[in-house]
Structure formats: C-alpha cells, structure tokens
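Peer 1: show me how the following folds:
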Amino acid sequence: MSEPRRDVPSVPLWLLDIDGVVNALAYRPGGAVWPRNQWVRCTITTPVEGRGVMTLPILAARPVLDFVSQVHERGLAEIRWHSTWRDAAMTAFAPKLGLPASIQISVAPEWTDRPVGLWWKLAAAQRAVEAGRRLVWTDDDLAVFADQAAEVGAHPDTLLIGPDPEHGLSPDDLMRIGEFLGIAR
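Peer 2: All right, here's what the predicted structure looks like:
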C-alpha cells in the first residue's frame, strides 16, 4: 500500500451545488421529505456573474442548512460552493440563510472558459481526485452528466449524490454524507 501524499489536505473536499441541492426547486414546501415546518422561504435579489441582477426564490430545508453549517464549523470537510451562483453564493445566498460566510466558491476557471462538450463543473472534481483528495460532490445535475462524472464517481474515495431537485438533499443523503465524513449519528 502506498503512503498518503503529505501535500493533500486530510479533510475531504465537498463540492456543494445550490439550486436543486440546498435550494429546492419546488414551488412550495412539501412534507414528504422534510416536515412542512422545517422549510425556509425567502427571495434574494443579487447580481449573478454572467447573468446580471436576478431575483431568485429560495426554498431550503432547515436540517440541510444546519448540517452544512455543522460540517463546516467542525472542519469535517472543506466545503466549496460549486454553483452558477459563484460569488453571489458568498455575498447573498449564505448570509440570507445564516450559512457560514467563510464557505468559499470552488476553484473553477471552466465557469468562464468552458471546454466544448464538457460540463464546466467536472474539472474541479477531477482535480480533487487527481490530487488524492477524498471528495463529496452534491449536484442535482449529476444524473444528466452521468457519463462525464462516471470516472470521478468510480474512485473509491468519492461520494457523488444527485438529489431530486424538487426537494434537494434528503435525510438519507445527509446520512450518507455523514457516514462518509465519519459523523457519528
């Protein structure tokens, strides 16, 4: 067995999408995945890189927000916003929902310089795996780009979760992430 690389951070990297993952895409909170009283609803008006000023509806489950905050605050993963929100994830989304302001956006030059035919989000995940990082990648588009993400997902130290965008991350998804990160339940 080979020695672990010393230049690789020991905590996993969590590439965290927003829409369809933290921000459910349903029109109203349902009670099937999270109880109705666990949903937070608001709107955010913010400039979004490449899209101008947008007013965006937000529907997030409080247990998901609490879980993300807990993972970040306990240093269980290096969470990076991996979303088209880019800077607005830190300047508008996180503050409005009480998420840690210190969660940074992913390193993804592919956002502006998109390789033809490739999903712009894929390269950051590939870089993490190639560097020997354990990786959690949560994105509702993983099923759409399954053929491109397959190699990353086949790596033994990765956990890819593509939640149903109508409700975002579910209790089962949080349990799987917790197990991967070594959180005792």
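Peer 1: quick check on Pro29: phi, psi?
Peer 2: phi -70, psi 130 (degrees, to the nearest 10).
Peer 1: ok, it to Ala88 distance?
Peer 2: Pro29 sits 23 Å away from Ala88, going by CB to CB, to the nearest Å. Placement of C-beta: from N, CA and C, glycine included.
Peer 1: who has more neighbours, those two?
Peer 2: Higher neighbour count among Pro29 and Ala88: Ala88, with 22 against 19, using other CB atoms under 10 Å.
Peer 1: I'd like the mean pLDDT over whichever strand or helix holds that one, please.
Peer 2: Assigned by DSSP states H and E, Ala88 belongs to helix 87-88. For helix 87-88, the mean per-residue pLDDT is 88.
Peer 1: now what about it, what contacts it?
Peer 2: Contact with helix 87-88 is made by Ile44, Thr46, Pro47, Val48, Glu49, Ile105, as judged by CB atoms under 8 Å, 6 or more residues apart in numbering.
Peer 1: please redo it, this time with the cut-off set to 6 Å
Peer 2: Thr46, Val48 (CB atoms under 6 Å, 6 or more residues apart in numbering).
Peer 1: could you do stretch 156-176 as well?
Peer 2: By CB under 6 Å, 6+ apart, stretch 156-176 touches 20-22, 24-26, 33, 64, 67, 134-138, 140, 142-143, 152-153, 180.
Peer 1: so which of the residues you listed belong to helices?
Peer 2: Val64, Phe67, Val152, Gly153, Phe180 (DSSP state H).
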